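Asker: build me a model from this:
(one chain, ligands or ions: 1)
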Amino acid sequence: MWTFPLLLMNATTNIGVVGAGTMGRGIAQIAAAAGHHVTLVDQNQDALIQAVGSLEAVMKRLVEKGRMNSEEASGLLSRISTSQSIESLSDSGLVVEAIVENVDVKSKLFADLEKVVSDQTVLATNTSSLSVTGIAASLQNPKRVIGLHFFNPAPLLPLVEVVPALQTDSGLPEMMMVLMRNWGKKPALAKDTPGFIVNRVARPFYGEAIRILEEGVADVATIDWAMTELGGFRMGPFTLMDLIGNDVNYAVTESVWTSFHFDSRYQPSFAQKRNVEAGWLGRKSGKGWFEHGPDAVLPEPRRDKELGQQILWRILVMLINEAADAVFWGVANAEDVDVAMKGGVNYPKGLLSWAEEVGLDRCVSKLDEMKALYGEERYRCSPLLRKRAQEERGFF
Ligand SMILES: NC(=O)c1ccc[n+]([C@@H]2O[C@H](COP(=O)([O-])OP(=O)(O)OC[C@H]3O[C@@H](n4cnc5c(N)ncnc54)[C@H](O)[C@@H]3O)[C@@H](O)[C@H]2O)c1
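Answerer: Numbering: from 1, shown residues only. Here you go, the predicted model:
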């Protein structure tokens, strides 16, 4: 019988990271900062060269800012080696995969990895949208597979969603939770369901904001102003979509919507689709919901507090409903849903704590009002939110 290795808790365990792109290099940095020796593998030599260059630049900046001294920085870099071959991962206790988001390519890599590593090695995937269970199915021993979903930028954002597959050994999730805490992260345990916690619960932040725009209630600048100035969010939805890229954000929404068998709660918008078709992807293309670039003039919001409160309340209630529903369906417990939204997307408060603050009964009334007005399933109240409101109980 396969039992999970206890050695992993230890900084002497070698860590392998496959994929030296945006995520892989950040994960390598985190593990090396925690004292592990890390082997970063990429099939593309240029990606490895770029990863090392960017890690050196990050270390230089951290030293300049006084966040670490130069010995610590050079020590961290010396613990990261690179390779183009997965054969170099033979002595790894844990391998984290961060390659292209394609189930066939990932499955092939996991099957190849299993032939190289020891039978005690844990294999983790950083997938955002694929089923961890589906990836695990490509292994002889699927018990050793788990999702470790880091957020971008991985060294800065504290959240890691720990996602056991159906087949995962029952002791492994807790072990990974402990390891992630040792790496300075805030882990949240999530069920293997589309979007896990954050990419599911955050959908209304974008989707409801675009609905408000499409209905002509307010423009992008006013909606962003309401969410930041009145709601305390670090970025408004349209500024954030322009940062993420409308192509990427649209693809995530479409993937969650498709995975949920076209549930109207996650339905993508025509407005965003048209932006993508026009090549208005956001900052990276110089134009998205806003103009970008040196000469860009940002539009002024309509600073109407009453309108702003209506916008904030509508989006917030939809987010709270989504958070409650994630708990209802056992995606995560209430504590982890709040940890996830604060640690993965920097929300100013946990959504379920926020629900308790504003009153669960008010959230239910607002959802019922919108459901009556629009007649759409999109606005149906989560049974858990309604039940807790009726019982005059909170989530904590
Ligand atoms: N970028 C994000 O914001 C983000 C956030 C969370 C999770 N993720 C997930 O992390 C994973 C990686 O995303 P990314 O943005 O870092 O991608 P990326 O394109 O920046 O990097 C992927 C790297 O993997 C390499 N690669 C591809 N196939 C390989 C193979 N078979 N063997 C070895 N190397 C291979 C590529 O050469 C590339 O350097 C994806 O599953 C993605 O969904 C991404």
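Asker: contact partners for whatever residue of the chain ends up closest to the ligand?
Answerer: Proximity of the chain to the ligand (C-beta to the nearest ligand atom) peaks at G21, 1.8 Å away. Quick note: C-beta positions are derived from backbone N, CA and C, even for glycine. Counting by C-beta atoms under 8 Å, 6 or more residues apart in numbering, G21 touches 42, 47, 51, 98-99.
Asker: out of the residues you listed, which are inside helices?
Answerer: With DSSP state H as the criterion, helices contain 47, 51 from among the contacts of G21.
Asker: can you pull the residues of this structure lying near the ligand?
Answerer: Within the chain, the positions near the ligand by C-beta under 6 Å from any ligand atom are 18-24, 41-44, 47, 98-101, 105, 109, 126-128, 150-152.
Asker: any idea how far the helix or strand that contains M318 is from the middle of the chain?
Answerer: Applying DSSP states H and E as the criterion places M318 in helix 305-328. When C-alpha coordinates are averaged (C-alpha atoms, centre = their mean, to the nearest Å), helix 305-328 and its chain have centres 19 Å apart.
Asker: which residue ranges of the stretch 1-150 of the chain form strands?
Answerer: Counting by DSSP state E, counting those that start in this stretch, one finds strands in the stretch 1-150 of the chain at the ranges 14-18, 38-41, 80-83, 92-97, 122-125, 145-150.
Asker: using PDB, write out every CA atom in the helix holding M318.
Answerer: Output in PDB follows, covering the C-alpha atoms of helix 305-328 (Å, rounded to 0.1, in the frame of the first residue of the first chain):
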ATOM      1  CA  LYS A 305     -22.600  58.300  -4.000                       C
ATOM      2  CA  GLU A 306     -26.100  56.800  -4.300                       C
ATOM      3  CA  LEU A 307     -25.400  55.300  -7.700                       C
ATOM      4  CA  GLY A 308     -22.000  54.100  -6.500                       C
ATOM      5  CA  GLN A 309     -23.600  52.300  -3.500                       C
ATOM      6  CA  GLN A 310     -26.100  50.600  -5.800                       C
ATOM      7  CA  ILE A 311     -23.300  49.400  -8.000                       C
ATOM      8  CA  LEU A 312     -21.200  48.100  -5.100                       C
ATOM      9  CA  TRP A 313     -24.200  46.500  -3.400                       C
ATOM     10  CA  ARG A 314     -25.300  44.600  -6.500                       C
ATOM     11  CA  ILE A 315     -21.800  43.200  -7.300                       C
ATOM     12  CA  LEU A 316     -21.100  42.500  -3.600                       C
ATOM     13  CA  VAL A 317     -24.300  40.600  -3.100                       C
ATOM     14  CA  MET A 318     -23.500  38.400  -6.200                       C
ATOM     15  CA  LEU A 319     -20.000  37.700  -4.800                       C
ATOM     16  CA  ILE A 320     -21.400  36.800  -1.400                       C
ATOM     17  CA  ASN A 321     -24.000  34.500  -3.000                       C
ATOM     18  CA  GLU A 322     -21.300  32.800  -4.900                       C
ATOM     19  CA  ALA A 323     -19.100  32.400  -1.800                       C
ATOM     20  CA  ALA A 324     -22.100  30.900   0.200                       C
ATOM     21  CA  ASP A 325     -22.900  28.600  -2.700                       C
ATOM     22  CA  ALA A 326     -19.300  27.300  -2.800                       C
ATOM     23  CA  VAL A 327     -19.700  26.400   0.900                       C
ATOM     24  CA  PHE A 328     -23.100  24.900   0.200                       C
END
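Asker: residue nearest the centroid of the protein?
Answerer: The centre of the chain sits closest to F151, judged by C-alpha atoms, centre = their mean, with a distance of 4.8 Å.
Asker: could you list the low-confidence segments of the stretch 51-200 of the chain?
Answerer: Across the stretch 51-200 of the chain, not a single residue meets the criterion (pLDDT under 70).
Asker: got a list of contacts for the particular helix or strand that has A271 in it?
Answerer: Using DSSP H and E, A271 sits within helix 270-278. Helix 270-278 has contacts (C-beta under 8 Å, 6+ apart) with 206, 210, 213-214, 241, 246-247, 249-250, 253, 281, 288-289.
Asker: among those residues, name the buried ones.
Answerer: For these, a burial check counting by 16 or more other C-beta atoms under 10 Å picks out 206, 210, 213, 241, 246-247, 249-250, 253, 281, 288-289.
Asker: coming back round to it: okay, the residue of the chain closest to the ligand and F196: tell me how far apart.
Answerer: Counting by C-beta to C-beta, to the nearest Å, the gap from G21 to F196 is 20 Å.
Asker: ok, G245 next?
Answerer: Counting by C-beta to C-beta - G245 and F196 are separated by 20 Å.
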